[in-house]
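J.: For reference, the sequence and a predicted model appear below.
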Amino acid sequence: MCFTDAAVSTEAAREQPVDRTPVIVGTGLSDYPKAPHLDGVQHHVQAFQRALADCGIDKAEIDGYVSAGGGGIMVDDAVTMAEYLRIDHRYVDGTMTGGSSFEFHVQHLAAAIREGLCDVALITYGSDQLSRMGRRLGTGGFQRPGSRVAGPIQYEAAYGNSLVGAYAMHAARHSHEYGTTPEQLAEIAVGVREYAMLNTHAIYRDPITVDDVVNSRMIADPLHKLDCCAITDGGGAVIMTTADRAKDLRQPPVYVLGAAGGETHWNVSQSPDFTSCAGATAGPAAFGRAGLGPDDVDMLMFYDSFTITCLILLESIGFVGKGEGGPFVAEGNLKRGGKWPLNTDGGGLSSNHPGMRGIFLLIEAARQLRGQAGEAQVPDCQVALCAGSGGWLSCIGVAILGAEHP
Amino acid sequence: MGEVVTPDGEWQRPLPATDEVNAAYWSAAAEGRLLIQECAECGQRQFYPRALCTHCGGEPRWLECTGRGTVHTFTVVRQMGMRPFRDDLPYVVAMVELEEGPMMMGNVTGCDPDSVRIGLPVEAYFVRAAEDVGVPMWRPAA
């Protein structure tokens, strides 16, 4: 079916050339950080309605749908959600790589839109992690006592590791090899908090210092409470289309300049390198497609599940050399006014983290590139790089977005 | 052969759902032997057990390890909501680099969690969690 549609679109394109450069035209956030009046599916819905209103596109035009759901107790997998929202799609994708899913979705949709597999595509996400599921994600474990565990996780299940512990093992090895200190990691949390103070919705808005971070409770050595992201409710929606279709919509288009993804492992015990991640391949691939390099980037949206996640993304994608991240962040380069401002919405560390944060990276990057970020606006923001980390620094998706047509 | 110990009371931690590929690994551990796989064709060693060699796609065979390794990286878990682990806080979760090459996750026990360091030599012992299931554990090498 897809082949037929592609052929039709390709023939149409020959007759009347259209600019099929993929763009983001609509974004929406559902209520956050705490929204007890919404369940997970309702977060999808509210974010979608707001994205529709944002760009002014007709719902009936949507012919592509993507959701990463279905991994938990919610019934929000792509085909169920497409039915619920009643999206009559001719392109559907349920890629689930954890929190980085949405950067992979942009990669896939950019290709699908260029190829003509769909013309207007919707990505939605929603989670009631805080109101319904409690804060067990980080340190609650994954298996019930005495249960039988199938698949590769059975080689970890008996040892009681936590999600925080998985990232902590990366931080410990990075510190061992490169001398990265808790204070250097803390600088990331402090800088992101400064942006959260500008976001009235952010869950944590009080100023913090490096001392506050390193003196906060140790959760899994060497990661302290304030090295860890929040648990919140929230949802997001992104509408993508062609540059051609974007011409008469309400918002200026945000161009997908290059996107790429990679996987080094899924389960943390299969990680081949506890100091790096697949950003080492996805980053250069995304830059290659965009024809850009790190110095062309004006701001960063990294999946800040933990402070160490940002440091490893920064190094692996190539913004600094391996092992140079600690001193670099300590110089304030990722803070407001620094070389590469990081997570201008307050990030997962201080604003919102409903479980899979990757869609918010895209939405905040679009806000910056449209010049609509208010007090948090990065001056003359032309290029933003979104880097999602899914699993345990397992699946890395990189999407480079721009304000100008490439 | 490593020491096989019986748990204090009933084994409360998750158990593996054994299958045709991995049953030998778990039952060997119940007898105090640590197995990894080595490819009969290309010689690659791997852990966890799989039906194929991840390097060449060939047929893996079992290789018995010495049970000696070093701590490649680790954390001390200090917050955990799930039983029975929360009753054991704080405890060490480590990646152990086996003498034979591959790495595996485990707990390092029998020492102060704060004394564990990357590079610490460790040796395997085994907890008999069920009749045909031994769970490899680690402690500082004698």
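T.: Perfect, I can see it now. Since we're looking at a predicted model, the values are computed, not measured. Residues are numbered from 1 along each chain as shown, chains lettered A, B, ... in the order given.

J.: going forward, measure contacts and count neighbours with C-alpha atoms only.
T.: Fine.

J.: Export only the CA atoms of the helix or strand containing A:Ala171, formatted as CSV.
T.: For A:Ala171, the host element (DSSP states H and E) is helix A:163-178. The C-alpha trace of helix A:163-178 is given here as CSV (Å, rounded to 0.1, in the frame of the first residue of the first chain):
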residue,chain,number,x,y,z
LEU,A,163,17.4,3.0,36.9
VAL,A,164,19.5,5.6,38.7
GLY,A,165,22.1,2.9,39.4
ALA,A,166,22.4,2.1,35.7
TYR,A,167,23.4,5.7,35.0
ALA,A,168,25.5,5.8,38.1
MET,A,169,27.7,3.1,36.8
HIS,A,170,28.4,5.3,33.7
ALA,A,171,29.2,8.2,36.0
ALA,A,172,31.5,6.1,38.1
ARG,A,173,33.4,4.8,35.1
HIS,A,174,33.6,8.2,33.5
SER,A,175,35.0,9.6,36.8
HIS,A,176,37.5,6.8,37.0
GLU,A,177,38.8,7.3,33.5
TYR,A,178,38.7,11.1,33.2
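
J.: Packing partners of it?
T.: Here helix A:163-178 touches helix A:136-139, strand A:218-220, strand A:223-224, helix A:307-317, strand B:68-77, going by 3 or more Cα pairs under 8 Å, 6 or more residues apart in numbering or on different chains; DSSP states H and E.

J.: Which positions within the last one qualify as buried?
T.: The reference is to strand B:68-77. Neighbour counts over strand B:68-77 (16 or more other Cα atoms under 10 Å in any protein chain shown) mark B:Arg68, B:Gly69, B:Thr70, B:Val71, B:His72, B:Thr73, B:Phe74, B:Thr75, B:Val76, B:Val77 as buried.

J.: Please identify the buried residues of whatever helix or strand comes next after that strand?
T.: Downstream of strand B:68-77, the next assigned helix or strand under DSSP H and E is strand B:91-98. Residues of strand B:91-98 classed as buried by neighbour count (16+ other Cα under 10 Å): B:Tyr91, B:Val92, B:Val93, B:Ala94, B:Met95, B:Val96, B:Glu97, B:Leu98.

J.: and the closest residue to A:Tyr303 other than its chain neighbours, which of the three is it?
T.: Nearest non-adjacent residue to A:Tyr303, counting by Cα to Cα, 6 or more residues apart in numbering or on different chains: A:Gly388, 5.0 Å away. Following DSSP: H, G, I helix; E, B strand; the rest coil, the label given to A:Gly388 is strand.

J.: Which neighbouring elements make contact with the strand or helix carrying A:Ala365?
T.: Taking DSSP H and E as the definition, one finds A:Ala365 inside helix A:358-369. The contact analysis (3+ Cα pairs under 8 Å, 6+ apart) places helix A:358-369 against strand A:22-29, helix A:101-115, strand A:234-242, strand A:299-302, strand A:383-390, strand A:395-402.

J.: list the contacts for A:Ala278?
T.: Under the criterion of Cα atoms under 8 Å, 6 or more residues apart in numbering or on different chains, the neighbours of A:Ala278 are A:Gly261, A:Gly262, A:Glu263, A:Thr264, A:Ser316, A:Leu393, A:Ser394, A:Cys395, A:Ile396.

J.: And it, how far from A:Ser175?
T.: Distance, A:Ala278 to A:Ser175, using Cα to Cα, to the nearest Å: 19 Å.

J.: Adjacent strands (with direction) for the helix or strand of chain B with the lowest mean pLDDT?
T.: Among the helical and strand segments of chain B, the one scoring lowest on mean pLDDT, DSSP states H and E is strand B:15-16, with a mean of 94. If you go by DSSP bridges, strand B:15-16 pairs up with strand A:148-149 (parallel).

J.: pLDDT on the strand it pairs with, on average?
T.: For strand A:148-149, mean pLDDT rounds to 89.

J.: and what of stretch A:289-302?
T.: Here the average pLDDT along stretch A:289-302 is 98.

J.: In the chain, where is pLDDT below threshold?
T.: If you meant another chain, say so; for now it's chain A. Applying pLDDT under 70 to chain A picks out residues A:1-16, A:71-74, A:133-146.

J.: With chain B instead?
T.: In chain B (pLDDT under 70), no residue qualifies.

J.: Can you pull the residues of it lying near chain A?
T.: B:11-18, B:48, B:72-85, B:93-95, B:103-107, B:118, B:135 (Cα under 8 Å from any Cα of the partner chain).

J.: For the most centrally placed residue in chain A, which residues are in contact?
T.: Nearest to the mean C-alpha position of chain A, counting by Cα atoms, centre = their mean, stands A:Gly358 at 1.8 Å. By Cα under 8 Å, 6+ apart, A:Gly358 lies in contact with A:Gly99, A:Ser100, A:Ser101, A:Phe102, A:Glu103, A:Tyr303, A:Ala387, A:Gly388, A:Ser389.

J.: again, but for A:Met240
T.: Residues in contact with A:Met240, defined by Cα under 8 Å, 6+ apart, are A:Pro22, A:Val23, A:Ile24, A:Val25, A:Gly26, A:Leu109, A:Val120, A:Ala121, A:Leu122.

J.: tell me the angle the helix or strand containing A:Ile188 makes with helix A:307-317.
T.: Per DSSP H and E: A:Ile188 is located in helix A:182-196. Per axes from the mean of the first three to the mean of the last three Cα atoms, to 10 degrees, the angle that helix A:182-196 makes with helix A:307-317 is 100 degrees.

J.: Following helix A:182-196 in sequence, what is the next regular element?
T.: Note on helix A:182-196: by DSSP H and E, the next helix or strand toward the C-terminus is helix A:210-215.

J.: separation between B:Ala28 and B:Asn22?
T.: Applying Cα to Cα to B:Ala28 and B:Asn22 gives a distance of 10 Å.

J.: Would you mind telling me which of those two has more residues around it?
T.: Ranked by neighbour count (other Cα atoms under 10 Å in any protein chain shown), B:Ala28 and B:Asn22 place B:Ala28 first, with 19 against 15.

J.: Need the nearest residue in space to that one, chain neighbours excluded.
T.: Spatial nearest neighbour of B:Ala28, chain neighbours left out: B:Leu34 (6.6 Å); criterion: Cα to Cα, 6+ apart.

J.: Is it correct that the one you found is in contact with B:Glu64?
T.: Yes: assessed by Cα atoms under 8 Å, B:Leu34 is found in contact with B:Glu64 at 5.8 Å.

J.: So between those two, which is more surrounded?
T.: B:Leu34 (26 against 15).

J.: A:Glu83 and chain B: what is the separation?
T.: From A:Glu83 across to chain B, the span is 35 Å (Cα to the nearest Cα, to the nearest Å).

J.: In which helix or strand does that residue reside?
T.: Here A:Glu83 is assigned to helix A:78-85, by DSSP H and E.

J.: So which residues on the stretch 201-350 of chain A come close to chain B?
T.: Those residues of the stretch 201-350 of chain A that sit near chain B, judged by Cα under 8 Å from any Cα, are A:Met218, A:Ile219, A:Ala220, A:Asp221, A:Pro222, A:Ser269, A:Gln270, A:Phe274.

J.: In a markdown table, list those along with neighbour count and distance to A:Gly337.
T.: Formatted as a markdown table, those follow (neighbours: other Cα atoms under 10 Å in any protein chain shown; distance: Cα to Cα, whole Å):
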| residue | neighbour count | distance to A:Gly337 |
| --- | --- | --- |
| A:Met218 | 18 | 30 |
| A:Ile219 | 25 | 31 |
| A:Ala220 | 29 | 32 |
| A:Asp221 | 21 | 31 |
| A:Pro222 | 25 | 28 |
| A:Ser269 | 24 | 38 |
| A:Gln270 | 19 | 38 |
| A:Phe274 | 23 | 31 |
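
J.: Most widely separated two among those residues?
T.: The largest separation in those, counting by Cα to Cα, is between A:Met218 and A:Gln270 at 25.1 Å.

J.: ok, now which ones touch the residue lying closest to A:Asp31 once chain neighbours are set aside?
T.: Counting by Cα to Cα, 6+ apart, the nearest residue to A:Asp31 once its immediate chain neighbours are dropped is A:Gly234, at 6.1 Å. Going by Cα under 8 Å, 6+ apart, A:Gly234 touches A:29-35, A:43, A:126-128, A:352-354.
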